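> no sequence on hand, only this structure:
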């Protein structure tokens with residue numbers, strides 16, 4: 001049976017982390033399916049890490065992609081968080097944000113939404 005997965009070289013060559021972030025993780029002024037899905041994910045992650053009390057010393061996120069949304073509610077519940085990804089471009093996108101470099105993706109609307117879920121703690 002033939003696999004329908006995208007070959008790794010195609011992913012490494014053609015996947016653009018910034019386009020992906022702009023499409024799926026931008027809270028725009030207009031209502032979109034992508035924004036609703038992201039809100040749903042953030043609400044469930046908040047429930048898992050904040051209300052349900054999942055805690056620990058170390059959280060390892062394998063296959064993080066260029067995203068941080070999945071870690072926002074976890075950051076108060078774990079002493080250390082490690083992200084990993086196969087694509088160097090995804091890791092570079094994360095590093096740009098972490099170092100607050102010019103041109104880094106603006107996660108502030110997503111962070112604000114999570115803060116509102118958490119009661120601005």
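On my side now, so go ahead. What you are looking at is a predicted structure, and each value in this text was computed from that prediction instead of being measured.
> and residue 93, what element?
Element membership for residue 93 (DSSP states H and E) is helix 88-98.
> show residues contacting that helix.
12, 15-18, 21, 64-66, 68, 83, 85, 101, 103-105, 107 (Cβ atoms under 8 Å, 6 or more residues apart in numbering). Every C-beta, even on glycine, is put in place using the N, C-alpha and C of the backbone.
> what's the first helix or strand after the host helix or strand of residue 19?
For residue 19, the host element (DSSP H and E) is helix 17-24. Later in the chain than helix 17-24, the nearest helix or strand by DSSP H and E is helix 33-46.
> now do the following helix or strand past that following helix: which elements does it pack against?
If you walk from helix 33-46 toward the C-terminus, the next helix or strand you reach (DSSP H and E) is strand 56-62. If you count contacts as 3 or more Cβ pairs under 8 Å, 6 or more residues apart in numbering; DSSP states H and E, strand 56-62 packs onto strand 78-84.
> next up, the contacts around residue 113.
Counting by Cβ under 8 Å, 6+ apart, residue 113 makes contact with 27, 39, 42.
> separate out the buried members of those.
27, 42 (16 or more other Cβ atoms under 10 Å).
> give me the number of neighbouring residues for residue 13.
By other Cβ atoms under 10 Å, 9 other residues sit near residue 13.
> for it, what are phi and psi?
The phi and psi torsions at residue 13 (degrees, to the nearest 10) take the values phi -80, psi -40.
> buried stuff in the helix holding residue 93?
89-91, 93-94, 96-97.
> wait, which of these is closest to residue 77?
residue 94 (19.8 Å; Cβ to Cβ).
> per-residue pLDDT, the closest one?
Predicted confidence (pLDDT) for residue 94: 96.
> where's it relative to residue 32, distance?
Here the criterion is Cβ to Cβ, to the nearest Å. By it, residue 94 lies 24 Å from residue 32.
> returning to that earlier point: ok and the helix or strand just after the helix holding residue 93 relative to helix 33-46, angle-wise?
Using DSSP H and E, the helix or strand that follows helix 88-98 in sequence is helix 108-117. Angle of helix 108-117 versus helix 33-46, following axes from the mean of the first three to the mean of the last three Cα atoms, to 10 degrees, is 40 degrees.
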